[in-house]
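[1] below: sequence and its predicted model.
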Amino acid sequence: MSWFDLYGKDLISTKDWTKEEIEIALKVSEELKGMYYAGLPHPSLKDKTFLMLFFNTSTRTRLSFETAMTQLGGHAQFIAATDLRMSLEDKPGAGETIKDTAKVMARYAHGIGIRLLEDKVSRYGEDTEIMYKFAEHAEIPVINMASNIWHPCQAITDLFTLREKLGPDLKGIKYTIMWAYSPWARSLGSVQDEMIIAARFGLHVTVAHPKGYELDAEALKLAQRYAQESGGSFEVTHELDDALKGAVVVFPRGWMSLRRYEIGKEAEIKNAEKFKDWKYTRERQKKLCKPGYLMHVMPIDRGHEADNDICDDPQLSWMYDQAENRLHTQKAILALTMGGRL
């Protein structure tokens, strides 16, 4: 295939792209990062518009996508979902349909990004279904800027960061993704897309969580299959210290249970308090990990998910480099799907 084959392609989950397509995005990310630091202009999306539809607030997502489109010579237009007349319910009188909204957006712009998750939907998976529905009706690429199930832009960023730090061949590297206590009750999207892309590219992936915080069945099956295909490995455990033994990289992140919409947010937060000892501490890092580099998609709940001195350790913490790389990988995704070329 050629780079141009990504032109017009949606990105709702990394599972929707082949390994070759992801490799192309990684290669273009590296080129664009080099151009950024060399001070070379790269306006491959001159006069093009990316519509950013936000149901949920953000820091890195909005800032990185807006900056990305500016550096590519185009324009990112922020849209708060509450400012539209659209309804997520497809019934008379509720409001404009997703179909009509998507078709009109496609007449005005060259790409659509959607951030929809957590308290803005009534059940797990509804957000991702809505994104696929947008993609069905919009004749321009639709990019998932975070949902409860998937977060592909973050996953591609983190794969890029892992290769940047550890080299292009990640086989044999133990990557521990651990549930960590936080009262924020966040979505599973970052964890699940992270898990499947790491398994797909040959890492030894261990997921550790307390009982009751199981991940999506489809995501688990994908991770297992990808690990078999790549020569990596994938396991799930309820024993945190065992999961951290020999970990080269650690990703501590709180996520909500799959029962969150059934039991309610307050009960979800209350239940998490039983597991406050699930935390990436300096003691665990020194005793168990090798060496336990910190990956985190941010925002990180300092003092709950990880000790402050790990977050601020310049030798161990990759958080800020990871956050910066959102800019470079998203530029690659936008350039390829909205332009087909640099």
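    The structure has been received and is ready for your questions.

[2] quick one: low-confidence ranges for this structure?
    1, 341-342 (pLDDT under 70).

[3] got the domain boundaries for the chain?
    With domains defined by automatic domain parsing, the chain comprises 3-150+326-338, 153-322.

[4] so how far is the first one from its chain's centroid?
    For domain 3-150+326-338, the separation from the chain centroid amounts to 12 Å (computed by Cα atoms, centre = their mean, to the nearest Å).

[5] and that domain, end to end?
    This stretch, domain 3-150+326-338, spans 12 Å end to end (Cα to Cα, to the nearest Å).

[6] next one: the longest one
    Length of domain 153-322, first residue to last, Cα to Cα: 12 Å.

[7] again with stretch 36-56
    End residues of stretch 36-56 are separated by 29 Å (Cα to Cα).

[8] next one: stretch 243-250
    Stretch 243-250: ends 10 Å apart by Cα to Cα.

[9] residues making contact with it?
    Outside of stretch 243-250, the residues within contact range by Cβ atoms under 8 Å, 6 or more residues apart in numbering are 162, 166, 173-176, 178, 206-208, 237, 280, 284-285, 288-295. Every residue, glycine included, has its C-beta placed from N, CA and C.

[10] out of these, which sit inside strands?
    K174, Y175, T176, M178, T206, V207, A208, T237, Y293, L294 (DSSP state E).

[11] name the nearest of the residues you listed relative to A199.
    Proximity of the ones in strands among the contacts of stretch 243-250 to A199 (Cβ to Cβ) peaks at Y175, which lies at 9.0 Å.

[12] tabulate the domains of the chain (JSON lines), appending mean neighbour count.
    Formatted as JSON lines, the domains of the chain follow (neighbours: other Cβ atoms under 10 Å):
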{"stretch": "domain 3-150+326-338", "mean neighbour count": "19"}
{"stretch": "domain 153-322", "mean neighbour count": "19"}
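
[13] can you give me the helices in the stretch 51-200 of the chain?
    60-71, 98-108, 126-137, 152-166, 189-200 (DSSP state H, counting those that start in this stretch).

[14] could you list every helix and strand in contact with the longest one?
    To tie it back to what came earlier, the one meant is helix 152-166. helix 19-38, strand 142-144, helix 189-200, helix 319-338 (3 or more Cβ pairs under 8 Å, 6 or more residues apart in numbering; DSSP states H and E).

[15] to D90, which of these lies closest?
    Of all these, it is strand 142-144 that lies closest to D90, at 17.5 Å by Cβ to Cβ.

[16] contacts for the closest one next, please.
    Strand 142-144 is contacted from outside by 10-13, 102, 111-114, 128, 131, 134-135, 150-153, 333-334, 337, using Cβ under 8 Å, 6+ apart.

[17] tabulate the ones in strands among the contacts of stretch 243-250 (CSV), appending distance to A81.
    Converted to CSV, these look like this (distance: Cβ to Cβ, whole Å):
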residue, distance to A81
K174, 40
Y175, 34
T176, 35
M178, 32
T206, 37
V207, 32
A208, 35
T237, 38
Y293, 36
L294, 33
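
[18] now, among those, which is nearest to D5?
    Y175 (29.7 Å).

[19] now do the contacts for the closest one.
    Y175 neighbours (Cβ under 8 Å, 6+ apart): L162, A198, L203, H204, V205, T206, A247, V248, V249, F251.

[20] tell me the spacing between W179 and E194.
    The gap separating W179 from E194 is 13 Å, by Cβ to Cβ, to the nearest Å.

[21] typo on my end, it should be K9
    21 Å.

[22] Y213 too?
    Computed with Cβ to Cβ, the distance linking Y213 and E194 is 15 Å.

[23] sorry, back to before: now the two most distant members of the contacts of Y175.
    Between any two of the contacts of Y175, the greatest separation by Cβ to Cβ is 15.0 Å, found for L162 and T206.

[24] would you mind measuring from A243 to Y280?
    To Y280, A243 is 11 Å away according to Cβ to Cβ.

[25] and what of F78?
    34 Å.

[26] same thing with M131?
    31 Å.

[27] nearest to L63, of the helices and strands packed on helix 152-166?
    Proximity to L63 (Cβ to Cβ) singles out helix 319-338 among those, at 8.4 Å.

[28] quick one: the closest one to chain centroid distance?
    For helix 319-338, the distance to the chain centre is 11 Å (Cα atoms, centre = their mean).

[29] what angle sits between it and helix 60-71?
    50 degrees (axes from the mean of the first three to the mean of the last three Cα atoms, to 10 degrees).

[30] next, the angle helix 152-166 makes with helix 319-338.
    Helix 319-338 and helix 152-166 are oriented at 120 degrees to each other (the same axes, to 10 degrees).

[31] please begin residue numbering at 55 from this point
    That works, and once the first residue is 55, the last one we named lands at helix 373-392.

[32] what angle do helix 373-392 and helix 73-92 make?
    Calculated by the same axes, to 10 degrees, helix 373-392 forms an angle of 110 degrees with helix 73-92.

[33] give me the contacts around stretch 273-284.
    Outside stretch 273-284, the residues within contact range by Cβ under 8 Å, 6+ apart are 69, 203, 225, 242, 246, 249-250, 253-256, 259, 261, 286-288, 290.
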